[in-house]
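1. No letters, just coordinates:
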């Protein structure tokens with residue numbers, strides 16, 4: 001019985017995040033799905049159920065079908081290409097040879113600047129000094 005109570009004790013801490021996740025993710029997702037089967041225009045509170053009519057209109061539009069086709073083709077081909085190149089490269093760089101570390105550094109280096117740039121930008125936004133972006137916005141909003 002004490003194991004069950006201990007497990008429940010830890011699960012209670014998950015309730016707030018579950019509530020926030022449900023409120024800001026699950027509910028809007030379900031609401032959007034429901035509204036997609038109506039003639040809701042975003043303004044009028046009176047709307048009627050239309051069934052699959054919206055989806056039939058969507059998938060008969062040449063621009064939408066073309067865009068979806070291109071997106072799926074791009075996702076499939078880029079995944080295949082990356083996998084086809086990455087697996088042999090990983091196997092090669094796992095072998096023991098004289099310049100292995102140099103080759104690893106060459107392939108890993110392009111991922112470093114983007115992380116450093118993001119860290120710099122977030123450091124600027126969250127800077128604790130009065131000239132920090134977040135502090136400036138909060139000061140303007142709350143007139144403090």
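-> Nice, I can see it. Quick caveat: nothing in here was measured; it's all calculated off a predicted structure.
2. for the helix ranked longest in the chain, which positions count as buried?
-> When the chain is parsed with DSSP state H, its longest helix is helix 62-93. Neighbour-count burial for helix 62-93, counted by 16 or more other Cβ atoms under 10 Å, picks out no residue. For glycine as for every other residue, the C-beta is placed from the backbone atoms N, C-alpha and C.
3. and residue 38, how many neighbours does it have?
-> 14 (other Cβ atoms under 10 Å).
4. is it true that it touches residue 51?
-> No: using Cβ atoms under 8 Å, residue 38 is not in contact with residue 51, being 9.2 Å away.
5. quick revisit: going by contacts, tell me the helices and strands next to the longest helix of the chain.
-> helix 100-108 (3 or more Cβ pairs under 8 Å, 6 or more residues apart in numbering; DSSP states H and E).
6. Next, the residue nearest in space to the middle of the chain: secondary structure please.
-> Using Cα atoms, centre = their mean, the residue of the chain that lies closest to the mean C-alpha position is residue 25, 12.3 Å off. Secondary structure, DSSP: H, G, I helix; E, B strand; the rest coil: residue 25 is helix.
7. And residue 95, by the same measure?
-> Assignment for residue 95 (three-state DSSP): coil.
8. now it: how far from residue 103?
-> Distance from residue 95 to residue 103, counting by Cβ to Cβ, to the nearest Å: 10 Å.
9. go on, residue 113?
-> The value you get for residue 113 to residue 103, if Cβ to Cβ is used, is 19 Å.
10. Compare neighbour counts for these two and give me the winner.
-> Neighbours were counted for residue 113 and for residue 103 using other Cβ under 10 Å; residue 103 has more, 14 against 9.
11. Verify the stated contact: that one with residue 90.
-> No: using Cβ under 8 Å, residue 103 is not in contact with residue 90, being 11.6 Å away.
12. Would you mind listing the residues touching both of those two?
-> The contact sets of residue 103 and residue 90 do not overlap (Cβ atoms under 8 Å, 6 or more residues apart in numbering).
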